[in-house]
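Student: Dropping the sequence and predicted coords here.
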Amino acid sequence: RRSTSASSTSKQGNLTQFFKSSDSPVTVTLQRAIKVSLANWIAGSGRPISIVDDNGLQEVLRTALQNAEYMLPSRGTIDRLLNDMYDSKIQIVKESVKNAKGIALTSDFWTSLGNESYCGVTGHWINDDWKLKSVVLECVNVVERHYSDNIAGLYKQFATDWDITNRIQALVTEYARNMISDVYKTDFAHIPCLAHRLQLSILRGFRAADIEPMFGKCRKIVGHFKHSAANTTELKSCTESSLCKLQQDVSTRWNSIFTMLQSLLQAREALTVYMSDEKKQYKGPKLTHLDWEKISEYVKVLDLFCQA
């Protein structure tokens, strides 16, 4: 250990001496280019601005620039640069929207991990070069309750702010009664989301087939392994083939029932061995041969909807 530590210290010393003896100057132009690249990286990859405080990134750039004195730009510098980039980009988008003869909107609401409600609006139009443009025009924190008057007012204000009230060809939202009522009060043409309607038709089909008891068994089986690393390890030992991770379905995530059934079907052999092994002491629900046949057929049908 002492030998390794000494060797590491020696290498660090040699690297520092190399930098001191051959520091390459970092010109103002290069510094500016690095700042812009960092800002683009942070914005494009969703990185936190605090990443400029990362010592590892600092060392990478010092090595690449061959300059031991180079310092990353501060958070404030990157923050100001991002704001300038946003202001520049928003002007370009506004000019393109201004020249559009017609525009279609898609909108959705969601709740963040912090339990805050947000509304996003994306605009779609064809520019002067006959190219389809799709841009997120709004992402706003919605504090008020989602009453129809409040949501209708939000959409109207958005259209006014962007000066597109008379050019909106259609507003696409999820196919829910409250959203239909909300958009109706705006006088905008409304098109319910086809994907959402497909999802609702699938759920209604499940209810008509009275398939929930089988899905309940599937969820409990997945949960048995998902909540225990030891159980998962034992399941993997039941097959010589590589085992895909079992997926639990989520009611708000489309196609999640498909992914759950598909993962179970792929692990059928291992699950059968695991459940039949008395040493495993498995006491949860088991899938019958008829259940497996149904799962196989459902996966075939749901795969078509997933691709749609």
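Tutor: Cool, the structure landed.
Student: Identify the residues contacting the residue lying closest to residue 280 once chain neighbours are set aside.
Tutor: Nearest non-adjacent residue to residue 280, counting by CB to CB, 6 or more residues apart in numbering: residue 274, 5.7 Å away. Where you see a C-beta, it was placed from the backbone N, CA and C, and this is true even at glycine. By CB atoms under 8 Å, 6 or more residues apart in numbering, the contact list for residue 274 reads 234, 235, 238, 280, 282.
Student: Distance-wise, check residue 78 relative to residue 277.
Tutor: 56 Å (CB to CB, to the nearest Å).
Student: next one: residue 182
Tutor: For residue 182, the distance to residue 277 (CB to CB) stands at 55 Å.
Student: Which one's more surrounded, the two?
Tutor: Each of residue 182 and residue 277 has its neighbours counted (other CB atoms under 10 Å); residue 182 has more, 24 against 13.
Student: Unless I misread the structure, residue 113 falls within a helix.
Tutor: No - counting by DSSP: H, G, I helix; E, B strand; the rest coil, residue 113 is not part of a helix but coil.
Student: So for it, what's the pLDDT?
Tutor: The score at residue 113 is 85. That number is its pLDDT.
Student: Could you pull up the residues touching the residue most central in space within the chain?
Tutor: By CA atoms, centre = their mean, the chain has its centre lying nearest to residue 46, at 10.8 Å. By CB under 8 Å, 6+ apart, the contact list for residue 46 is empty.
Student: ok, it to residue 233 distance?
Tutor: 33 Å.
Student: in stretch 193-203, what's buried?
Tutor: Judged by neighbour count using 16 or more other CB atoms under 10 Å, the buried positions of stretch 193-203 are 193, 196, 199, 202.
Student: what do you get for stretch 39-49?
Tutor: 39, 42, 43, 49.
Student: Same question for stretch 250-257.
Tutor: Result for stretch 250-257 [16+ other CB under 10 Å]: buried residues 255, 257.
Student: can you give me the end-to-end distance of it?
Tutor: Counting by CA to CA, to the nearest Å, you get 8 Å between the two ends of stretch 250-257.
Student: And for stretch 262-278?
Tutor: Terminal residues of stretch 262-278 are spaced 26 Å apart (CA to CA).
Student: Can you give the distance of the longest helix along the chain from its chain's centre?
Tutor: What stands out as the longest helix in the chain, according to DSSP state H, is helix 75-99. The chain centre lies 23 Å from the centre of helix 75-99; the measure is CA atoms, centre = their mean, to the nearest Å.
Student: now swap in stretch 200-209 and tell me
Tutor: 27 Å.
Student: Tell me where the model's unsure across the stretch 101-250 of the chain.
Tutor: The model of the stretch 101-250 of the chain has no residue with pLDDT under 70.
Student: Which stretches in it count as helices?
Tutor: 148-161, 177-184, 194-209, 212-226, 229-236 (DSSP state H, counting those that start in this stretch).
Student: Using PDB, write out every CA atom in the second one.
Tutor: Put plainly, it is helix 177-184. Taking Å, rounded to 0.1, in the frame of the first residue of the first chain, the C-alpha atoms of helix 177-184 are listed here in PDB:
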ATOM      1  CA  ARG A 177     -63.700  15.000 -19.500                       C
ATOM      2  CA  ASN A 178     -62.200  17.900 -17.600                       C
ATOM      3  CA  MET A 179     -59.800  18.700 -20.400                       C
ATOM      4  CA  ILE A 180     -62.600  18.600 -23.000                       C
ATOM      5  CA  SER A 181     -64.500  21.100 -20.800                       C
ATOM      6  CA  ASP A 182     -61.400  23.300 -20.300                       C
ATOM      7  CA  VAL A 183     -60.700  23.600 -24.000                       C
ATOM      8  CA  TYR A 184     -64.300  24.100 -24.900                       C
END
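Student: That helix to helix 148-161, inter-axis angle?
Tutor: 40 degrees (axes from the mean of the first three to the mean of the last three CA atoms, to 10 degrees).
Student: Dump the helices of the stretch 101-250 of the chain into CSV; add distance to residue 65 as well.
Tutor: Below are the helices of the stretch 101-250 of the chain laid out as CSV (distance: least, CB to CB, whole Å):
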stretch, distance to residue 65
helix 148-161, 44
helix 177-184, 53
helix 194-209, 48
helix 212-226, 46
helix 229-236, 44
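Student: out of those helices, nearest to residue 264?
Tutor: Of all those, it is helix 212-226 that lies closest to residue 264, at 5.9 Å by CB to CB.
Student: Other residues contacting that closest one?
Tutor: With CB under 8 Å, 6+ apart, helix 212-226 has contacts from 206, 231-232, 235, 246-249, 257, 260-261, 263-264, 271, 282, 284-287, 291, 294-295.
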